[in-house]
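In: got a predicted structure here, sequence first:
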Amino acid sequence: MTRIVDTGRSVLRGALERVGRGWSRMQERRPLSSDLLESDDAYLVVFDAAGVHGEDVDVTFLDHTVEVRLDRFRDFYDGFDVVFPGRGLTLSGSAELPADADVTPHGANATLTRNGTLQVEIPKDGAAETVDVVEEGEGSAAGDAESDDA
């Protein structure tokens, strides 16, 4: 009887793992959610970025489009095994600024907040070619991305 129960658990665990990996791949194919906001001085694009560290963020600005790629890793917990690996590890998304937006990536910055959002601010009439990513609470840049737009 014990063998039947163990076999049943093994089959269930395998099924959950396959479903979880499928869900993870689905998340990776779906673009990140984002909000586009505008003030008198800048545009702000906010992406969901839970579980990401600053060095794992790539932000580019090309043809009035903010593009992000996020790599995140699963933390390991002593005494626990992954049963349902349902979170995507490589995520990407983009947000297009209005066609009449008068911006350049100069002076743009990206902040990875403690609550898991990536905030990309692009000043109107700016003048720099990189976007620095800073983790909230840190004073130094955690990464940067070259722009293809001059």
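Out: Right, received. Where do you want to start? All of these numbers come straight from a predicted model, not from anything done at the bench.

In: only C-alpha atoms from now on, for both contacts and neighbour counts.
Out: Fine.

In: run through the neighbouring helices and strands of the strand or helix carrying S94.
Out: Assigned by DSSP states H and E, S94 belongs to strand 90-96. Applying 3 or more Cα pairs under 8 Å, 6 or more residues apart in numbering; DSSP states H and E, one finds that strand 90-96 contacts helix 2-29, strand 34-38, strand 65-72.

In: pull the longest strand from this structure.
Out: Using DSSP state E, we find that the single longest strand of the chain is strand 52-62.

In: can you pull the buried residues of that strand?
Out: By 16 or more other Cα atoms under 10 Å, the buried positions in strand 52-62 come out as 52-55, 57-61.

In: picking that back up, how about the strand holding S94: buried residues?
Out: Quick answer for strand 90-96 (16+ other Cα under 10 Å): 90-95.

In: any idea which of these is closest to R69?
Out: In terms of Cα to Cα, no member of these lies closer to R69 than S92, at 4.3 Å.

In: enumerate every residue touching the closest one.
Out: 28, 31-32, 67-70 (Cα atoms under 8 Å, 6 or more residues apart in numbering).

In: same question for D35.
Out: 44-47.

In: ok, back up a step: which neighbours in the sheet does the strand holding S94 have, and how are they oriented?
Out: strand 65-72 (antiparallel) (DSSP bridges).
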